[in-house]
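Q: sequence below, structure please.
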Amino acid sequence: MNGDNRNVAWEKVKLARHPKRPTALALIARLFPDFLELHGDRVFGDDPAMVCGLATFDGRPVTVIAQEKGTNTDDKIHRNFGMPHPEGYRKALRLMLQAERFHRPIVTIIDTPGAYPGIGAEERGQASAIATNLREMMSIKTPIVSIVLGEGGSGGALGIGVGDRVAMFENATYSILSPEGFAAILYKDAEQAPLAASLMKLTASDLYALHVVDEVMPEGPGLHEDPTTGFVAVSGYLSRALVALGGLPTERLLDERYGKFRAMGAIYDPMHHGETDENQD
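A: Below you'll find the predicted structure:
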């Protein structure tokens, strides 16, 4: 493995986790100054790691679902470092179904190392909550636009990531698990995380080439240095995406959403002049 490639991927991981990188609430304040937060899953309680509410964008009502890591020590603890509990995913789904009822587009902001794996979260149905969101988001009859702000980690990210359009900031990452976790499984050594990162295809440019994300948004000097360039880019992206999706009939919207995710992981076989699924016989 080329050392430069390894270093590039690992540097992206570090930038995605940079302590000065803006969190979801900073992006919400820029894009949705009239944001009104709503709380609770109506089953167990509220989850501060998942911020949900109503806003307008370009004069259009939208529902906003975001993972929030926190900005200082106390806030990070309060937000559980951006690792949602099952009640967070249930709150998100409650708001998404409300958005469907009132024909509001949904904007999700992904920034999590992963869903919280604690005993309490598992007892309250963490895996079930994420799986339910994946199933329901595939059929929600309103546009969904997803933005990967920093870390997009594992099922914790996918639980709000089934978007008709998915975009990443250029220094964000999106992967099946952390490079440390990948290295611990593959090499039995978490110190091999930089090598793991280079193999995981977790950078924005990698995922754009693989058609997992639809657009890569520039950051200029980096969101951790000055978020202006990135925030202007995401505003333009969101405006274009909502206009394009808003003009689609519902049946076509759902068909294209299904096709988008169904095509991921397909392999082109020139002998059969088409795409085949790895899992097919």
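Q: list the strands paired with the biggest strand by length in the chain, with their directions.
A: Identified as the longest strand of the chain according to DSSP state E is strand 144-153. Here strand 144-153 is paired, per DSSP bridges, with strand 106-112 (parallel), strand 165-169 (parallel), strand 173-175 (parallel).
Q: tabulate those strands (JSON lines), appending mean pLDDT.
A: Output for the strands paired with strand 144-153, formatted as JSON lines (pLDDT from 0 to 100):
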{"stretch": "strand 106-112", "mean pLDDT": "98"}
{"stretch": "strand 165-169", "mean pLDDT": "97"}
{"stretch": "strand 173-175", "mean pLDDT": "95"}
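Q: residue 162 contacts residue 135, doesn't it?
A: No - checked against C-beta atoms under 8 Å, the pair residue 162 and residue 135 is beyond contact range at 9.2 Å. Any C-beta I mention is one placed from the backbone N, CA and C, and that applies to glycine too.
Q: who has more neighbours out of these two?
A: residue 162 (24 against 11; other C-beta atoms under 10 Å).
Q: which residues sit in contact with that one?
A: Residue 162 makes contact with 133, 134, 137, 138, 144, 146, 257, 261 under the criterion C-beta atoms under 8 Å, 6 or more residues apart in numbering.
Q: does it lie in a helix or a strand, and which?
A: Using DSSP states H and E, residue 162 sits in no helix or strand.
Q: and it, what pLDDT?
A: On the pLDDT scale, residue 162 is placed at 96.
Q: ends of stretch 29-43, what's the gap?
A: Using C-alpha to C-alpha, to the nearest Å, one end of stretch 29-43 lies 28 Å from the other.
Q: for beta bridges, what are the partners of the residue nearest in space to the middle of the chain?
A: Nearest residue to the geometric centre of the chain (C-alpha atoms, centre = their mean): residue 110, 3.2 Å. Using DSSP bridges, the beta-bridge partners of residue 110 come out as residue 148.
Q: that one: what's it in contact with?
A: 67, 146, 147, 148, 149, 152, 157, 160, 161, 174.
Q: how about the helices in the protein?
A: 3-16, 24-31, 73-78, 86-101, 119-123, 126-137, 154-158, 179-186, 193-199, 204-209, 228-246, 250-262 (DSSP state H).
Q: can you lay out these as CSV showing mean pLDDT and distance to residue 47?
A: Below are these laid out as CSV (pLDDT from 0 to 100; distance: least, C-beta to C-beta, whole Å):
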stretch, mean pLDDT, distance to residue 47
helix 3-16, 82, 22
helix 24-31, 97, 13
helix 73-78, 97, 11
helix 86-101, 98, 3
helix 119-123, 95, 10
helix 126-137, 97, 10
helix 154-158, 93, 12
helix 179-186, 92, 23
helix 193-199, 93, 28
helix 204-209, 94, 27
helix 228-246, 96, 24
helix 250-262, 95, 25
